[in-house]
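S.K.: structure for the following, please:
(chains A, B, C and D)
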Number of protein chains: 2
Amino acid sequence: MGEPRWLDEREAAVWRAYLAVHRELHGALDRQLERDSGLSNADYALLAPLSEAPGGVLRSRELGRLVGWERSRLSHQVARMEKRGLVVREECAEDARGSMVRLTAEGRAAIESAAPGHVATVRRYLFDALSAEEADLLGRVLHRVLDRIAADG
Amino acid sequence: MGEPRWLDEREAAVWRAYLAVHRELHGALDRQLERDSGLSNADYALLAPLSEAPGGVLRSRELGRLVGWERSRLSHQVARMEKRGLVVREECAEDARGSMVRLTAEGRAAIESAAPGHVATVRRYLFDALSAEEADLLGRVLHRVLDRIAADG
DNA sequence: GCGTGTTTGATGACGCGTCAACATCTTGCT
DNA sequence: AGCAAGATGTTGACGCGTCATCAAACACGC
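M.R.: Numbering: from 1, shown residues only, chains lettered A, B, ... in the order given. Here you go, the predicted structure:
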């Protein structure tokens, strides 16, 4: 870390644009979800995999793996959602340490009412702005970045 | 919003990769800053423009404009940073409503010690993974997305 | 001058996210 | 069996971010 290579003007502009997109897109999605169905991004992130799981039930660990969250974050979010009746926690039969997270009828109704608008927003702001080739390239670049971060640990 | 066009598998994969990059990159930068200099991403975001401003002073409104934050967020963050001695708030001479945010010596020392490692991390995880052409394309795509979001309001 | 509407900023409440500490259970080694 | 080590989840504290609300001060028309 002796002599850093600073970002040149092009790179700095890309970085600022990335930060701005992060901020604006996250904000827009959050506002759209909240307005249309009273859900947050965090709610949606958990409801989506739960709604696709057989029976609407997932082991907590598996849910965490699917969304890429650590245990504490997941536990807090599930606690908030349980308080609002979107999910319930149940004991895990195979492993007494574990806990199962089950979608309630209310939770399923919420995700089903929220999904179309959410997807439409992602499409309008992101994919409608990209050609198919650009989307593919973006995907490749993103995976490359993920690999580099994962390689460090 | 009657019949939504769902994301196809390629698009869904790109979207998941975007969310993952967002999560991992933000986390990696946050950990690196915290470890190396006791700063957070939010601290860094404010210290950077302040350190480049003449005299290390900026009007609150201007600082908010530079980082793209709303007033409340900025006010909270400046309050936290003032408590830790990184900045001080002063009255604004030209406009009695306003407030000036001034970098302290401690704040300047913090940003100067943090910057090389922060830039190195951004470079290692993002720009070292991209060719120059890819970085340019990414910049164009990001600006297009920003324009679409801004167009909606 | 005097209202009226706008701009600037601060604050409290609440949800989100991380870290450290903890409790409990499983696994595997001896 | 017994014990150490690891896995799974929860909790409390604290920083981050948004929204709604408030207060103070400017701007502008009258």
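S.K.: so what's the gap between the host helix or strand of residue A:47 and the chain middle?
M.R.: Per DSSP states H and E, residue A:47 falls inside helix A:41-52. Centroid separation between helix A:41-52 and its chain, computed with C-alpha atoms, centre = their mean, to the nearest Å, is 8 Å.
S.K.: what's that helix packed up against?
M.R.: Counting contacts by 3 or more C-beta pairs under 8 Å, 6 or more residues apart in numbering or on different chains; DSSP states H and E, helix A:41-52 packs against helix A:9-37, strand A:57-59, helix A:60-67, helix A:71-83, strand A:99-103, helix A:105-125. Every residue, glycine included, has its C-beta placed from N, CA and C.
S.K.: and the ones you listed: which comes nearest residue B:123?
M.R.: Across the helices and strands packed on helix A:41-52, residue B:123 has its closest neighbour in helix A:9-37 (7.9 Å, C-beta to C-beta).
S.K.: which neighbouring elements make contact with that closest one?
M.R.: helix A:41-52, helix A:105-125, helix B:9-37, helix B:132-152.
S.K.: need these in a markdown table with mean pLDDT, mean neighbour count and distance to residue B:88, can you?
M.R.: Formatted as a markdown table, the helices and strands packed on helix A:9-37 follow (pLDDT from 0 to 100; neighbours: other C-beta atoms under 10 Å in any protein chain shown; distance: least, C-beta to C-beta, whole Å):
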| stretch | mean pLDDT | mean neighbour count | distance to residue B:88 |
| --- | --- | --- | --- |
| helix A:41-52 | 98 | 19 | 35 |
| helix A:105-125 | 96 | 17 | 39 |
| helix B:9-37 | 95 | 16 | 19 |
| helix B:132-152 | 94 | 16 | 33 |
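S.K.: looking at those helices, which is nearest to residue B:57?
M.R.: Once those are compared by C-beta to C-beta, helix B:9-37 is nearest, at 21.9 Å.
S.K.: please name the residues that touch residue A:105.
M.R.: Residues near residue A:105 by C-beta atoms under 8 Å, 6 or more residues apart in numbering or on different chains: none.
S.K.: any idea how far it is from residue A:42?
M.R.: Using C-beta to C-beta, to the nearest Å, one gets 21 Å for the distance from residue A:105 to residue A:42.
S.K.: now do residue A:70
M.R.: Distance from residue A:70 to residue A:42, by C-beta to C-beta: 13 Å.
S.K.: would you quantify the distance from the residue nearest the centre of chain A to residue A:64?
M.R.: Nearest to the mean C-alpha position of chain A, by C-alpha atoms, centre = their mean, lies residue A:45 at 4.3 Å. Per C-beta to C-beta, residue A:45 is found 11 Å from residue A:64.
S.K.: how about the residues of chain A by DNA strand D?
M.R.: A:23, A:27, A:30-31, A:34, A:59-61, A:64, A:71-72, A:74-76, A:78-79, A:89, A:92, A:95, A:97-99 (C-beta under 7 Å from any atom of the strand).
S.K.: now the buried members of the residues you listed.
M.R.: Neighbour-count burial (16 or more other C-beta atoms under 10 Å in any protein chain shown) applied to the residues of chain A next to DNA strand D gives A:59, A:60, A:64, A:74, A:78, A:99.
S.K.: any idea how far chain B is from residue A:89?
M.R.: 24 Å (C-beta to the nearest C-beta, to the nearest Å).
S.K.: mind checking the SS state of that residue?
M.R.: Using DSSP: H, G, I helix; E, B strand; the rest coil, the structure places residue A:89 in strand.
S.K.: which residues touch it?
M.R.: So residue A:89 contacts A:60, A:78, A:82, A:99, A:100, A:101, A:102 (C-beta under 8 Å, 6+ apart).
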